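Enquirer: no FASTA, just this:
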């Protein structure tokens, strides 16, 4: 269903009550929209700030029916929502992104195939679904080892991934994953990790955020610099064009993040994509005059898209539950909040756990170097490892 132009005062729904949904709700409400969240957790971060939360499973017919009845259009805040639920909702309400696009992003093999058809390079890889696939991938002429084995579905923040060096470790990792469908990727010599976040309208208009440079630790994003000042303009242009081709190939509507690896030889390969706002785009709330969450609202509501402009260079730090002194004992924020240009975002999660994203900290400054200096001071104060 082609989305109509929904003016402020309309009701926007979101499947998922996590922090991405929370920041979407904030952006929608600032523009004057009513918001409804569907999530099974009655204390979900997004549900606690929305006008209404429907407490139900993502595939619950009654819950989906209530969402469709109450909303003028619906989006999602995470890629592992059942694509079938989005498809059902699309029968009566505009849904962006589409169930087909979300399904493609949910499956690594489909994702790789989409990269190839969009003429976007990705790492050499093989799909492993059978013993025969496993044996073929381990052959020397396949040139995929050493590599990284990833489950085809339900992998994020380093979950469902294992480094493998030889045929034996490959077989052991596949066994640990329960012999589910996987993708084996050759390990490549990396120079940097960057991400491109684009927003595409139903009419095919595309805008993008400034490129972000990312640092991951144990598979979880730790630090983002926006804009990525050390990325050559020609490489940045290639990355933006590649992300645009991928979005166009899916007929995508909404905010899409494509993560890229910059290799040691300066070439670019796509790593993975997310059909939603992305952790690496959180800095856009302060760094840009239009954030990724406002772009998500604009795409869903059919409003004009405007190219975000850099308001200030920024560095974002993820705040994981490891920083908490106990499940309900947050750090003392006093020293951090005394630093210039610091913006603290906490997600309203009641209990901290190691590796759980509890919030993020964005530092803005006049120059990228100044933002980085203050971010390092903040990290030291909080006990975040230096980089």
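Expert: Perfect, I can see it now. Quick caveat, the model's predicted, so the values are computed rather than measured.

Enquirer: Now for the closest residue in space to residue 165 that isn't next to it in sequence, how many residues are close by?
Expert: Once its chain neighbours are removed from consideration, residue 165 has its nearest residue in residue 146; the separation is 4.5 Å (CB to CB, 6 or more residues apart in numbering). C-beta coordinates here come from the backbone N, C-alpha and C atoms, glycine included. Summarising burial for residue 146: neighbours were counted as other CB atoms under 10 Å, giving 12.

Enquirer: what do you get for the one 3 residues further on?
Expert: Residues within reach of residue 149, counting by other CB under 10 Å, total 25.

Enquirer: mind checking pLDDT for residue 2?
Expert: You'll see residue 2 listed with a pLDDT of 54.

Enquirer: do the same with residue 156
Expert: For residue 156, the pLDDT comes out at 62.

Enquirer: Tell me the secondary structure of the residue lying closest to residue 164 once chain neighbours are set aside, please.
Expert: Using CB to CB, 6+ apart and skipping the chain neighbours, the partner closest in space to residue 164 is residue 170 (4.3 Å). Local secondary structure at residue 170 is given as helix here, using DSSP: H, G, I helix; E, B strand; the rest coil.

Enquirer: Residue 170: what's it in contact with?
Expert: With contacts taken as CB atoms under 8 Å, 6 or more residues apart in numbering, residue 170 has the following neighbours: 134, 137-138, 145, 147, 149, 164, 184.

Enquirer: when you check those against the strands, which ones overlap?
Expert: Within the contacts of residue 170, residues falling in strands by DSSP state E are 147, 149, 164, 184.

Enquirer: The last one: how many residues sit nearby?
Expert: Looking back up the chat, that one is residue 184. 25.

Enquirer: Next, find the distance separating it from residue 170.
Expert: For residue 184, the distance to residue 170 (CB to CB, to the nearest Å) stands at 7 Å.

Enquirer: now the second one
Expert: Distance from residue 149 to residue 170, counting by CB to CB: 6 Å.

Enquirer: Now for these two: what residues contact both?
Expert: Taking CB under 8 Å, 6+ apart as the criterion, residue 149 and residue 170 both touch 164, 184.

Enquirer: measure stretch 65-78 end to end?
Expert: Terminal residues of stretch 65-78 are spaced 20 Å apart (CA to CA, to the nearest Å).

Enquirer: Please apply the same query to stretch 360-378.
Expert: End-to-end distance of stretch 360-378: 12 Å, with CA to CA as the criterion.

Enquirer: Could I get the buried residue list for that stretch?
Expert: Residues of stretch 360-378 classed as buried by neighbour count (16 or more other CB atoms under 10 Å): 360-365, 368, 370-372, 374-378.

Enquirer: Those residues in helices, which ones?
Expert: Judged by DSSP state H, the subset of the buried residues of stretch 360-378 located in helices is 368, 370-372, 374-378.

Enquirer: now the residues you listed in JSON lines, with distance to residue 299?
Expert: As requested, these are exported to JSON lines (distance: CB to CB, whole Å):
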{"residue": "368", "distance to residue 299": "29"}
{"residue": "370", "distance to residue 299": "33"}
{"residue": "371", "distance to residue 299": "28"}
{"residue": "372", "distance to residue 299": "31"}
{"residue": "374", "distance to residue 299": "33"}
{"residue": "375", "distance to residue 299": "30"}
{"residue": "376", "distance to residue 299": "35"}
{"residue": "377", "distance to residue 299": "37"}
{"residue": "378", "distance to residue 299": "32"}
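
Enquirer: would CSV of these with distance to residue 192 and pLDDT be doable?
Expert: Formatted as CSV, these follow (distance: CB to CB, whole Å; pLDDT from 0 to 100):
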residue, distance to residue 192, pLDDT
368, 15, 97
370, 21, 98
371, 18, 98
372, 15, 98
374, 22, 98
375, 18, 98
376, 18, 98
377, 24, 98
378, 22, 98
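
Enquirer: Which of the residues you listed sits closest to residue 241?
Expert: residue 368 (23.9 Å; CB to CB).
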